[in-house]
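K.L.:
Generate coordinates for the sequence data below:
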Amino acid sequence: MLGVAAEEIARVHRLLRGGHGMEAETAARNLQQRYPAQGDVNHALALVLIKQGKDGEAILFAKAAVKADPRNAAYLVNLGRLYLKYEVVEDALPLIEKALRYDPSLYEAPRAMGEFFYQIGNGHRAASYLKQALAASPSSQRRQIEFQLVEVLASLGQAEEAERLLEPLIAIDTFRVEALVQLAGLRKHTVESGIFELLQRELEGVSPSPKSAARLHNVIGRIRENSGEFSEAFEHFRKSKEFQKREFDFGALKQTVDSVIKDFVPGILEEFEGYGDPSRLPVFVVGMPRSGTTLTEQIIAAHPKAAGAGELERIGRMSKSLSSGESTAQMLEAMRAGGPSHVRLMTDSYLGLLKFLAPAAKRVVDKMPQNFMRLGFIALLFPNARIVHCQRDPADTFVSEFQNMLMSNHSYSYSPEDFARYYKEYGRLMIHWNRVLPGRIFNLRYEDLVSDVELKTRELLEFLRLPWDSRCLRFHETATAVKTFSKQQVRSPVNRNSVGRWRNYQEQLQPLFEILADSP
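P.N.:
Down below sits the predicted model:
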């Protein structure tokens with residue numbers, strides 16, 4: 001039986017390598033039905049499902065593989081990496097540690113450990129483990145690990161070491177675009193720099209893939225902007241978005257905001273009193289992307305009694321587990337049906353994650369910007385949590401989003417018109433939250449923060465009930481890995497260089513101004 005399964009598993013892998021994902025999945029599922037308790041069969045199906053983008057289902061079979069053979073390092077690593085994808089880092093660590101003990105020669109184990117430490121913000125340990133993985137990896141995997149290491153080094157501000165890794169990759173066709181784009185992003189280049197010519201040549205050569213074209217236009221636009229060529233820069237950013245284009249559904253957004261405003265009223269807080277956890281540990285930093293959320297997190301995290309957890313997705317996942325879509329009424333009904341005990345399972349899970357990430361901290365920052373959509377849910381879960389709302393001039397916010405490679409869930413930022421419509425709905429919702437959650441939200445304007453960082457930091461710490469500590473003003477000296485597009489900015493002291501950048505694009509932003517001026 002085992003020999004037959006091994007042959008069929010090999011066939012599944014051949015199908016997958018040949019690009020026949022659906023056929024491989026069908027074969028792997030049929031095999032698993034015949035041998036449901038066999039480790040290698042469950043592991044094979046898990047790998048196929050991961051390739052097919054079905055990570056949630058893959059976890060079930062990855063667990064089955066580990067159950068069948070709990071000392072198999074490859075199975076342990078696979079399940080650990082899946083847990084990392086779903087932010088179950090507290091369960092991922094022991095699995096990866098076991099894999100390292102059971103098979104020190106397996107390069108995937110130190111690679112997974114590097115991914116773990118990068119995810120929790122310890123860039124130095126992440127780099128150490130990735131270098132260990134690189135030394136043990138086969139040639140077919142070296143390049144991917146090198147790119148991971150470059151990302152970690154960039155997050156730590158170690159540009160020179162990252163450049164040494166990237167420069168040889170430019171000569172390899174398969175990796176040239178990725179290497180050029182990452183290399184260009186490590187420093188502030190101008191059109192006179194040698195890398196600009198290489199990027200132009202790559203864009204004008206054999207037709208690049210849509211993904212490569214989007215990245216090339218984006219980075220060329222950044223270099224044009226650095227050189228003061230703003231009209232040309234905007235055109236490159238626009239072309240980049242064309243290659244990324246996803247349709248922004250304004251109707252769905254408006255329906256969601258209408259639902260929240262209609263269904264989340266002050267009386268809801270009284271109805272659910274006693275459901276949540278009274279912990280003061282969580283601090284939620286919210287707002288539009290590129291509005292100063294990373295800067296705010298880094299300032300707070302520099303306090304010796306605080307820590308930053310990055311952009312956690314767990315609040316969003318818990319909210320979606322209670323309702324399909326973004327229906328507030330459905331979410332509230334599910335909370336009523338589950339009762340306080342079910343809510344406490346969610347709060348215990350979330351607090352357990354924060355305590356795992358920062359066991360000694362009195363305040364831990366979750367800086368997922370889009371949590372502004374879920375402040376009512378957060379208030380029910382954690383009535384004593386503090387919420388910091390970061391605000392920034394909408395035109396500057398748009399320019400910053402437009403010139404970065406934001407994912408398709410931010411497709412509202414792909415044009416001035418869509419952004420303006422989204423921004424108005426965001427503003428309408430924040431007015432509602434400030435009305436129904438009085439005293440729970442600290443509204444922090446980016447322009448005020450960079451104008452007088454000490455004054456605003458003092459006010460922020462007072463709101464968080466943390467004593468004054470001057471180390472918060474030296475946040476840029478921290479060794480924490482910064483994984484967002486703000487990593488270069490937060491490596492420097494606060495300055496006003498990003499205030500009023502929209503003026504460079506005043507002509508192109510007229511549609512945005514017109515929509516924002518059209519009240520309400």
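
K.L.:
what comes up buried for the helix or strand of the chain with the lowest mean pLDDT?
P.N.:
Among the helices and strands of the chain, helix 2-17 carries the lowest confidence by mean pLDDT, DSSP states H and E, at a mean of 84. Buried residues in helix 2-17, counting neighbours by 16 or more other CB atoms under 10 Å, are found at 5, 8-9, 11-12, 15-16. Using the backbone N, CA and C atoms, a C-beta is placed for each residue, glycine as well.

K.L.:
what does the helix or strand harbouring N42 contact?
P.N.:
Under the criterion of DSSP states H and E, N42 resides in helix 39-51. With contact meaning CB atoms under 8 Å, 6 or more residues apart in numbering, helix 39-51 is reached by 5-6, 9, 12-13, 16, 21, 24-25, 28-29, 31-32, 35-36, 55, 57-59, 61-62, 64-66, 68-69, 72, 74-75, 78-79, 82.

K.L.:
I'd like the next helix or strand past the strand or helix carrying K63.
P.N.:
Element membership of K63, judged by DSSP H and E, is helix 55-68. Next helix or strand after helix 55-68 toward the C-terminus (DSSP H and E): helix 73-85.

K.L.:
Okay, buried residues for that following helix please.
P.N.:
So, applying 16+ other CB under 10 Å, buried residues of helix 73-85: 73-85.

K.L.:
Quick one: list the elements packing against it.
P.N.:
Secondary structure elements in contact with helix 73-85, counted by 3 or more CB pairs under 8 Å, 6 or more residues apart in numbering; DSSP states H and E, are helix 39-51, helix 55-68, helix 89-102, helix 108-119.

K.L.:
Need those in JSON lines (columns: mean neighbour count and distance to M335).
P.N.:
Below are those laid out as JSON lines (neighbours: other CB atoms under 10 Å; distance: least, CB to CB, whole Å):
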{"stretch": "helix 39-51", "mean neighbour count": "23", "distance to M335": "31"}
{"stretch": "helix 55-68", "mean neighbour count": "19", "distance to M335": "23"}
{"stretch": "helix 89-102", "mean neighbour count": "19", "distance to M335": "24"}
{"stretch": "helix 108-119", "mean neighbour count": "24", "distance to M335": "29"}
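
K.L.:
hmm, back to that, quick check: of the buried residues of helix 73-85, which lies closest to R392?
P.N.:
Closest approach between the buried residues of helix 73-85 and R392, by CB to CB: K85, at 30.5 Å.

K.L.:
wait, doesn't the closest one sit right on D55?
P.N.:
Yes: applying CB atoms under 8 Å, one finds K85 in contact with D55, separated by 5.6 Å.

K.L.:
what number of residues lie near I268?
P.N.:
17 (other CB atoms under 10 Å).

K.L.:
I'd say it and F377 touch.
P.N.:
No: taking CB under 8 Å as the definition, I268 is not a contact partner of F377, at 10.4 Å.

K.L.:
distance of the most centrally placed residue in the chain from K320?
P.N.:
Nearest residue to the geometric centre of the chain (CA atoms, centre = their mean): E311, 5.6 Å. For E311, the distance to K320 (CB to CB, to the nearest Å) stands at 16 Å.

K.L.:
and the longest helix for the chain?
P.N.:
Ordering each helix of the chain by length in residues (DSSP state H) puts helix 328-357 first.

K.L.:
Whatever helix or strand comes next after that helix pairs with which strands, and in what direction?
P.N.:
Once the chain leaves helix 328-357, the next helix or strand it forms, by DSSP H and E, is strand 363-366. Its sheet considered, strand 363-366 pairs with strand 282-287 (parallel), strand 306-308 (parallel) by DSSP bridges.

K.L.:
Can I get those in CSV including mean neighbour count and mean pLDDT?
P.N.:
Converted to CSV, those look like this (neighbours: other CB atoms under 10 Å; pLDDT from 0 to 100):
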stretch, mean neighbour count, mean pLDDT
strand 282-287, 26, 98
strand 306-308, 25, 95
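
K.L.:
show me the contacts for the residue nearest to A385 when sequence neighbours are not counted.
P.N.:
Spatial nearest neighbour of A385, excluding adjacent residues (CB to CB, 6 or more residues apart in numbering): P282 at 4.4 Å. Going by CB under 8 Å, 6+ apart, P282 touches 350-351, 354, 363-364, 366, 378, 382, 385-386.

K.L.:
wait, which of the residues you listed is closest to G205?
P.N.:
D366 (43.5 Å).

K.L.:
re earlier: show me what the least confident helix or strand of the chain is packed up against.
P.N.:
Against helix 2-17 (3+ CB pairs under 8 Å, 6+ apart) you get helix 21-34, helix 39-51.

K.L.:
Tell me which helix or strand V219 sits in.
P.N.:
With DSSP H and E as criterion, V219 is part of helix 210-226.

K.L.:
got the buried residues for that helix?
P.N.:
In helix 210-226, counting by 16+ other CB under 10 Å, buried: 212-226.

K.L.:
shaky segments in the stretch 151-300 of the chain?
P.N.:
Applying pLDDT under 70 to the stretch 151-300 of the chain flags the ranges 206.

K.L.:
so where do the helices sit in it?
P.N.:
159-166, 176-185, 194-204, 210-226, 230-244, 250-263, 266-271, 293-301 (DSSP state H, counting those that start in this stretch).

K.L.:
buried set for stretch 390-409?
P.N.:
390-406.

K.L.:
what's the burial count for Q33?
P.N.:
Counted with other CB under 10 Å, Q33 comes out at 10.

K.L.:
Distance check, it against V41.
P.N.:
From Q33 to V41 the distance is 9 Å (CB to CB).

K.L.:
Please apply the same query to G114.
P.N.:
Distance from G114 to V41, by CB to CB: 29 Å.

K.L.:
again with L134
P.N.:
Using CB to CB, L134 is found at 31 Å from V41.

K.L.:
what does D103 give?
P.N.:
Distance of D103 to V41, computed by CB to CB: 20 Å.

K.L.:
could you give the angle of the least confident helix or strand of the chain to helix 21-34?
P.N.:
160 degrees (axes from the mean of the first three to the mean of the last three CA atoms, to 10 degrees).

K.L.:
just how off-centre is helix 2-17 within its chain?
P.N.:
35 Å (CA atoms, centre = their mean, to the nearest Å).

K.L.:
now swap in stretch 145-152 and tell me
P.N.:
Put simply, stretch 145-152 sits 17 Å off its chain's centre (CA atoms, centre = their mean).

K.L.:
and it, C-alpha only, in CSV?
P.N.:
C-alpha atoms of stretch 145-152 as CSV (Å, rounded to 0.1, in the frame of the first residue of the first chain):
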residue,chain,number,x,y,z
ILE,A,145,15.4,32.9,0.4
GLU,A,146,17.8,35.7,-0.7
PHE,A,147,14.8,37.9,-1.6
GLN,A,148,13.3,37.1,1.8
LEU,A,149,16.6,38.1,3.5
VAL,A,150,16.7,41.3,1.5
GLU,A,151,13.3,42.2,2.7
VAL,A,152,14.4,41.7,6.3
